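Undergrad: Please work out how this folds:
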Amino acid sequence: MSFFKKTFPLFLSALFLLISLSWSAPQPLDIAKLRVNRETLAQKYGFEYAFLLNYTQNLILNSSQNEGKSRGLWYWNLEMSQRLWEGARLYTELEVDKNKGIDKFLPTFSWFNYNSTENFSPYIPVCYLTQNLFNERLFLAAGKTDLSNWFDGNVVAGSADTQFSSAALVNNPVLPLPTKNMGVFVSFKPNELVNFQAGAATGDYYPSKIGFSNAFRNQIFLGEFDFSPKWSGRQGNYRFIFCSDREKYDFINADGVRRNDYSFALSFDQEITDRLTIFARYGLGDPKVKDVETFWSAGGQITEPIPGRKYDCLGLGVAQSLFGDDYLEANGPDLARSEIMYELYYSLRVKEYFYITPNLQFVQHPLADKQEGEAAACGVRFLLTF
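TA: Numbering: from 1, shown residues only. The predicted structure is shown next:
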C-alpha cells in the first residue's frame, strides 16, 4: 500500500485547491430564466429535458507498463421526454461518446472508468415508451432501453457521473446487464416497503443501432425483489436479483457451448447517520463459462464531509473479483486468484450545475496478473448538468 503514501498528499492538495477556488469563484450566472422556461415547457406542453456533459482525465501513477500515461474521455447526453396521454411518456436520448481513457493502456476486469467506450458520433442510445397505471403502482416500459438503469441500483454506488468511477463500483460484473438494446420492463410496487420488477432484452450490444432486426436475440431475463424498510428512521434498500442469460457461451477450459446461464446478485444500501450511508454488493456466476465466479464490493459515502459544504460528498469503496478454477486452469498457474479495486473520491459542488470530482484508484493484480502486482491511477471528473 506504499502508493497511498505517495498519492494521498497529492489528493489532499488538489482537494483543498479546488475548495479554495470554489469559495473564491465569481457569482454564478443567473439560470432562473432557464429554469422557468423548463417549467413552462413541462406544464404547458408536457415536454421535459436534461443535459449532461462528463469529462474525465486520468493519469497512471504506478504500473509495470505505461506508467505516467494520461488519457481523457468525455461524453454528453441530452435526455428528452414527452407526455402522450394519462400516465404515458416517450423517452429519447441523444449522445456522443469519445475515447476509452486509461483503460486502453491498463486493462482490468474492474475498469477504471465505467464510461470508457469507443468513439460514437451522435446516436440515439435509448428510445422507449412508458406507462404508469393504478396510481403509479404498476410501471411498464418497452423499446430500446437500458435495463442497467432499473436493475442492480444503489443509492451510494449507482452512478459513474456523480459517485464512483470504476465499473466494479457502479454495477455488479457478474450480471450481464443489457444496455442500449431492445427490451421490455415491468415493475409492481404495492406499497413503500416492497417492489417486484422483471425485464427482458436483447443480449447483443447495439449502442448506435435501433436493433429491430435482432430484437430479443440471445435474450437476457432479469428479476429483482426490493425490500426498503426504515430501521430507527434510517432508510435501507435491499435488492435481490436473478438473471437468466440465453446468450451463447463457450466453456472456458473445454470444448462446447452453453446457453441458459444463470447468475445471482445482491445490492444493499443503508443509512447509518444523517450523513453516512454504507453499501454492499455480492454476485455469484457460473465458473465454467464466466471469468469471474464470485464478486463482492462494499464501502460508503459521507455527505457534507466539511462543515458548511452540504452538497459535497466523500466516498470510499472496494471491489473484489474472484476467478473460478476453470479460468485459472485455462489461463495458466501463474494467475492471481483475484483482482481488487480500491477507490477514494471527493465530489465538490462548485456551482448548482457544475461538479468537480478528484479520485484515487488502486488495483491489485489487474486482469489477475501476478506479475503486474499492483497499479494506481488518479483522476479528475468535470460534470456539467442542468
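Undergrad: Which pLDDT value belongs to the residue nearest to the spatial centre of the chain?
TA: Geometric centre of the chain, nearest residue: residue 170, 3.4 Å, by Cα atoms, centre = their mean. If you check residue 170, the pLDDT there is 96.
Undergrad: do the same with residue 62
TA: Value for residue 62, per-residue pLDDT: 91.
Undergrad: Likewise for residue 211?
TA: Per-residue confidence (pLDDT) for residue 211: 57.
Undergrad: The residue nearest to the centre of the chain: what's it in contact with?
TA: 114, 157, 158, 159, 160, 163, 164 (Cβ atoms under 8 Å, 6 or more residues apart in numbering). Every C-beta, even on glycine, is put in place using the N, C-alpha and C of the backbone.
Undergrad: What of residue 337?
TA: By Cβ under 8 Å, 6+ apart, the contact set of residue 337 is 322, 323, 328, 368.
Undergrad: those strands in the stretch 201-350 of the chain, which residues are they?
TA: 220-227, 230-231, 234-245, 249-250, 257-258, 261-271, 276-284, 292-303, 313-323, 338-351 (DSSP state E, counting those that start in this stretch).
Undergrad: got JSON lines for these, with distance to residue 45 too?
TA: What follows is the strands of the stretch 201-350 of the chain, written out as JSON lines (distance: least, Cβ to Cβ, whole Å):
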{"stretch": "strand 220-227", "distance to residue 45": "33"}
{"stretch": "strand 230-231", "distance to residue 45": "38"}
{"stretch": "strand 234-245", "distance to residue 45": "34"}
{"stretch": "strand 249-250", "distance to residue 45": "47"}
{"stretch": "strand 257-258", "distance to residue 45": "50"}
{"stretch": "strand 261-271", "distance to residue 45": "36"}
{"stretch": "strand 276-284", "distance to residue 45": "37"}
{"stretch": "strand 292-303", "distance to residue 45": "35"}
{"stretch": "strand 313-323", "distance to residue 45": "35"}
{"stretch": "strand 338-351", "distance to residue 45": "28"}
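Undergrad: As CSV, the ones you listed with distance to residue 134 and mean neighbour count would be great.
TA: Formatted as CSV, the strands of the stretch 201-350 of the chain follow (distance: least, Cβ to Cβ, whole Å; neighbours: other Cβ atoms under 10 Å):
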stretch, distance to residue 134, mean neighbour count
strand 220-227, 18, 18
strand 230-231, 24, 10
strand 234-245, 22, 18
strand 249-250, 39, 14
strand 257-258, 40, 12
strand 261-271, 26, 20
strand 276-284, 31, 21
strand 292-303, 34, 21
strand 313-323, 36, 22
strand 338-351, 37, 21
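Undergrad: among these, which is nearest residue 94?
TA: strand 338-351 (24.2 Å; Cβ to Cβ).
Undergrad: How far off centre is that closest one?
TA: Strand 338-351 has its C-alpha centroid displaced from the chain centroid by 13 Å (Cα atoms, centre = their mean, to the nearest Å).
Undergrad: what stretches of this protein score poorly on pLDDT?
TA: Applying pLDDT under 70 to the chain flags the ranges 1-36, 203-218.
Undergrad: What residues sit buried inside the biggest strand by length in it?
TA: Using DSSP state E to define each element, the chain has its longest strand at strand 47-62. Going by neighbour count (16 or more other Cβ atoms under 10 Å), the buried part of strand 47-62 is 48, 52, 53, 54, 55, 56, 57, 58, 60, 61, 62.
Undergrad: ok, of those residues, which one's closest to residue 101?
TA: Nearest to residue 101 out of those is residue 58 (Cβ to Cβ; 5.6 Å).
Undergrad: Could you measure from the closest residue to that closest one other than its chain neighbours over to residue 303?
TA: Using Cβ to Cβ, 6 or more residues apart in numbering and skipping residues adjacent in sequence, the residue nearest residue 58 is residue 379, 3.8 Å away. Separation of residue 379 from residue 303 (Cβ to Cβ, to the nearest Å): 21 Å.
Undergrad: can you check residue 90 too?
TA: The gap separating residue 90 from residue 303 is 34 Å, by Cβ to Cβ.
Undergrad: go on, residue 275?
TA: The gap separating residue 275 from residue 303 is 5 Å, by Cβ to Cβ.
Undergrad: As TSV, the buried residues of strand 47-62 with distance to residue 176 would be great.
TA: Below are the buried residues of strand 47-62 laid out as TSV (distance: Cβ to Cβ, whole Å):
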residue	distance to residue 176
48	31
52	26
53	29
54	24
55	29
56	25
57	30
58	26
60	29
61	32
62	32
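Undergrad: related to what we said a few turns ago, surely the residue nearest to residue 58 is in a strand?
TA: Yes. Under DSSP: H, G, I helix; E, B strand; the rest coil, residue 379 sits within a strand.
Undergrad: Return the residues in contact with it.
TA: Taking Cβ under 8 Å, 6+ apart, we find residue 379 in contact with 56, 57, 58, 59, 112, 113, 165, 358, 359, 361.
Undergrad: how about the nearest residue to residue 118 once chain neighbours are set aside, phi and psi?
TA: In space, and not counting its chain neighbours, residue 118 is closest to residue 100: 6.7 Å by Cβ to Cβ, 6+ apart. For residue 100, the backbone dihedrals (degrees, to the nearest 10) come out as phi -110, psi 0.
Undergrad: thinking residue 100 is in contact with residue 120, fair?
TA: No. Counting by Cβ atoms under 8 Å, residue 100 stays clear of residue 120, with 11.6 Å between them.
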